[in-house]
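[1] I'll drop the sequence and a predicted model, then ask my questions.
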Number of protein chains: 2
Amino acid sequence: MNDLTGYAVGFIGLGLMGRPMALNLHCAGATVTVHNRSRAPVEALAAKGLRTADSAGTAAAAGDFVILMLTDTPAVDAVLEGPDGVLAGLRPGALVIDMGSTSPLATREFAARVAEAGGEWLDAPVSGGVVGAEAATLSIMAGGSIEALERARPLLERLGARLTHVGPSGCGQIAKTVNQMIVGLTIGAVAEALALAGRAGADPARVRAALVGGFADSRILELHGLRMIDGDFTAGGRVSTQHKDLLQALELAGAVGLELPATELNRRLYAECIAAGDGGLDHSALYRHYTRTATTGGEG
Amino acid sequence: MNDLTGYAVGFIGLGLMGRPMALNLHCAGATVTVHNRSRAPVEALAAKGLRTADSAGTAAAAGDFVILMLTDTPAVDAVLEGPDGVLAGLRPGALVIDMGSTSPLATREFAARVAEAGGEWLDAPVSGGVVGAEAATLSIMAGGSIEALERARPLLERLGARLTHVGPSGCGQIAKTVNQMIVGLTIGAVAEALALAGRAGADPARVRAALVGGFADSRILELHGLRMIDGDFTAGGRVSTQHKDLLQALELAGAVGLELPATELNRRLYAECIAAGDGGLDHSALYRHYTRTATTGGEG
C-alpha cells in the first residue's frame, strides 16, 4: 500500500461518503485540506488533524489533487465557477478528480473547462456506498487519460479496492450511470418476482433461498431481496436517489437518441413510491409497490 | 453419493435435458425405463442399456418413481391422461416427479389427480440448462410434502448439485416461474444498460468489466453480458422460451390478482425480438432490440 506522505489534496464535499474518504487519505499520510458548504463536518475533520479551507478555491489552491465528492451535477458546476471556485484557485497542472455521480454529458464540459484553466480532469465515480467508503473497498470507474489515471492511482488505491479505466473523460460517469440502471432495474425484477411468489402462495424467503446460486442470482437478490423479505428498508441507497439516477440515465439516452423503455418504466415505479411517501427508504422498498397494489388476498 | 441399485424409475420425455438426466440415473445404478413421443432418443438410450417403453403408461408401470421432463404444461396433461397414460399405469404409492417447467396452477391440479390415482406428486423443476443436466449440477426447486422430497432425494442428488424444498405442491414451479422472470428482466436491464453505454461513447466491454464485482453484478451480467458484447447469440435459453416463461408468469399473476408491469414490458420486448426473427437465438439477443432501434449514430 502506498504511503501518501508528500501528497497535497484539496477535498471538497464532506457528506456521508466524503468524510470517511478524506479521513482515509489523511490517515495514509496525505496533507488533506477540506471544504464543505456547511461547517460542522469541516470542524469534525479539523479535530482529527485535517486542514480546512473557507472556500472551494482555497481548498483547490492547497493541493496538486482536488477531489470533488458532491451531491449532484449542479453542485459540481457551482464549486468549479466563481471568484471562490476551484477553477479560480487551481494550481497549474493540478488534477481534478470528480468522485461523485455527475452527468456524463456535463462531465465532458467540466473536463474541457478544467483543461482551459490549466488543469487535468479525471471522473472517478464509485460504487459501494458508505460502508465501502469507510472500509476503502469502493469500486472506482475512471474516465480520463491513462496518464491522469496513473497519477491518481496512489490516492485511488487508498479509497477503493477495485479501479477500472473505462475510457476518456465522461466514461467513468457513463459506467456509473449504467451501474445505477442495472441496480435499479434488478431491484425491480426481484421485487416483482418475490411479490408474485408470495401472492401465489409460496414463502418468498424459501423461493429466494432456492434461487441463490443459480442463473437468477445477483448481489441484489442476495442483499436487497433479503431486505424485501425482512421488510427492513433502512436507507442504504434511497428510493429518491434511485429515481434521480434513472432520470439521469434517461437524459443521457435522450441526448444520444436511444429509447430505454425498461428504465422509463422503473423510473415511473420509483416515482410512485416517492408519491406514496417512501422516497426516504432504501430502494428495495420498491417491493412495497406490489404489496400496496394488492387487489385480492393471497391464495394457496 | 448414493448408489441407486434397486431403484426402478420410469422416465418420460427425452429432450436435450431429459436424455442426460435419464442416463445419469442409469449410470448411478437405477433401473430406468424410458419413453418419448419420438423414437430416436429412446433407441439411443436403449443402445446404452436403458429399458424402453412404448407408452407413458408402460413406462410409469415400470417404476416406483416416474420422472416427467416434458416441454410444457399441455404435454404433462397429455402424458398423464388416457388409456396409455401415466395415471392408468401408475403403481400404487408411486411418486411422480415433474422436473419440467409446468404452470404452478395446473401443477396443483396434477398433484390432486395423481393423489386420486393412488400416487404421490413432487414438482421439482430445475435451473442450469443442458450443461447442468449433463454434469448433474442442476439447481432443483421442490414443491410437495417433506416425505415425498426425502423419498426422491437419492435420485435428485444424482441429477443436481442444489436441492431446495420450497413448500407444498406447486411451490417448486412458483420458484421456477420466478427464476425465469428474474433471468428475463435482468437480461433486459443489462441489455438496456450496455446499449446506453455504447451509444454514449463508452466501450461496453470495459463498462461491463468495471461493473463486475460491484452491486450491479449478477450471473447474467457475467455470462449474458459477455454474449451481448461478443455478439454471440448461440442458443442457451431461447428468446421464444423466455417469452413463453414470462407469459406463464403473467398468467399466474393474473390468476392471483397481481399486476407485473416490468414483466409485461419485457414480454413485449421479447415478442418484438421474435417478430424481428430472433426467436431462435439466445435470450441475450434482446440486446439487438437496442441496436436495431438506433435512430442516431454513436457520439463521443
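    Now that the structure is in, tell me what you want to look at. Given the structure is predicted, the values throughout are model-derived calculations rather than measurements. Residues are numbered from 1 along each chain as shown, chains lettered A, B, ... in the order given.
[2] now the stretch 201-300 of chain A, which segments are flagged as low pLDDT?
    Along the stretch 201-300 of chain A, the model assigns pLDDT under 70 to residues A:293-300.
[3] Which parts of it are helices?
    A:204-211, A:219-230, A:239-255, A:261-275, A:287-292 (DSSP state H, counting those that start in this stretch).
[4] hey, which of those is tucked in deepest?
    Burial of the helices of the stretch 201-300 of chain A is given as mean neighbour count (mean count of other Cβ atoms under 10 Å in any protein chain shown); helix A:204-211 ranks first at a mean of 24. Where you see a C-beta, it was placed from the backbone N, CA and C, and this is true even at glycine.
[5] In JSON lines, list the helices of the stretch 201-300 of chain A along with distance to A:Gly6.
    JSON lines is the format used below for the helices of the stretch 201-300 of chain A (distance: least, Cβ to Cβ, whole Å):
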{"stretch": "helix A:204-211", "distance to A:Gly6": "50"}
{"stretch": "helix A:219-230", "distance to A:Gly6": "37"}
{"stretch": "helix A:239-255", "distance to A:Gly6": "36"}
{"stretch": "helix A:261-275", "distance to A:Gly6": "45"}
{"stretch": "helix A:287-292", "distance to A:Gly6": "49"}
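[6] right, and those - which one's nearest A:Thr164?
    helix A:219-230 (16.8 Å; Cβ to Cβ).
[7] Could you list the residues in contact with the closest one?
    Contact with helix A:219-230 is made by A:183, A:186-187, A:190-191, A:194, A:204-205, A:208, A:211-212, A:233, A:282-284, A:287, B:182, B:214-218, as judged by Cβ atoms under 8 Å, 6 or more residues apart in numbering or on different chains.
[8] Kindly report the same for stretch A:147-161.
    A:1-2, A:4, A:7, A:9, A:21, A:24-25, A:28, A:30, A:65, A:67, A:95, A:97, A:99, A:120-122, A:124, A:126, A:128, A:132-133, A:136-140, A:142, A:163, A:165.
[9] what do you get for stretch A:71-84?
    With Cβ under 8 Å, 6+ apart, stretch A:71-84 has contacts from A:12-13, A:15, A:55-58, A:68, A:70, A:85-88, A:98, A:100-103, A:106, A:110, A:113-114, A:244.
[10] end to end, how far does it reach?
    End-to-end distance for stretch A:71-84: 19 Å, by Cα to Cα, to the nearest Å.
[11] Strands along chain A, start to end?
    A:8-12, A:31-35, A:51-52, A:65-68, A:95-98, A:120-123, A:126-127, A:138-143, A:160-167 (DSSP state E).
[12] how about the residues of the stretch 1-150 of chain A near chain B?
    Contact residues (Cβ under 8 Å from any Cβ of the partner chain) of the stretch 1-150 of chain A with chain B: A:Pro104, A:Arg108, A:Ser127, A:Gly128, A:Ser139, A:Met141.
[13] thinking the third one is in contact with A:Leu138, fair?
    In this case it means A:Ser127. Yes. Assessed by Cβ atoms under 8 Å, A:Ser127 is found in contact with A:Leu138 at 6.8 Å.
[14] who's in contact with the closest residue to A:Leu194 other than its chain neighbours?
    Spatial nearest neighbour of A:Leu194, chain neighbours left out: A:Pro204 (4.3 Å); criterion: Cβ to Cβ, 6 or more residues apart in numbering or on different chains. By Cβ under 8 Å, 6+ apart, the contact list for A:Pro204 reads A:Leu194, A:Ala195, A:Ala197, A:Gly198, A:Met228, A:Ile229.
[15] Swap in 6 Å and give it another go.
    Applying Cβ atoms under 6 Å, 6 or more residues apart in numbering or on different chains to A:Pro204 gives the contacts A:Leu194, A:Ala197, A:Gly198, A:Ile229.
[16] Tell me which two in those residues are the farthest apart.
    A:Ala197 and A:Ile229 (10.2 Å).
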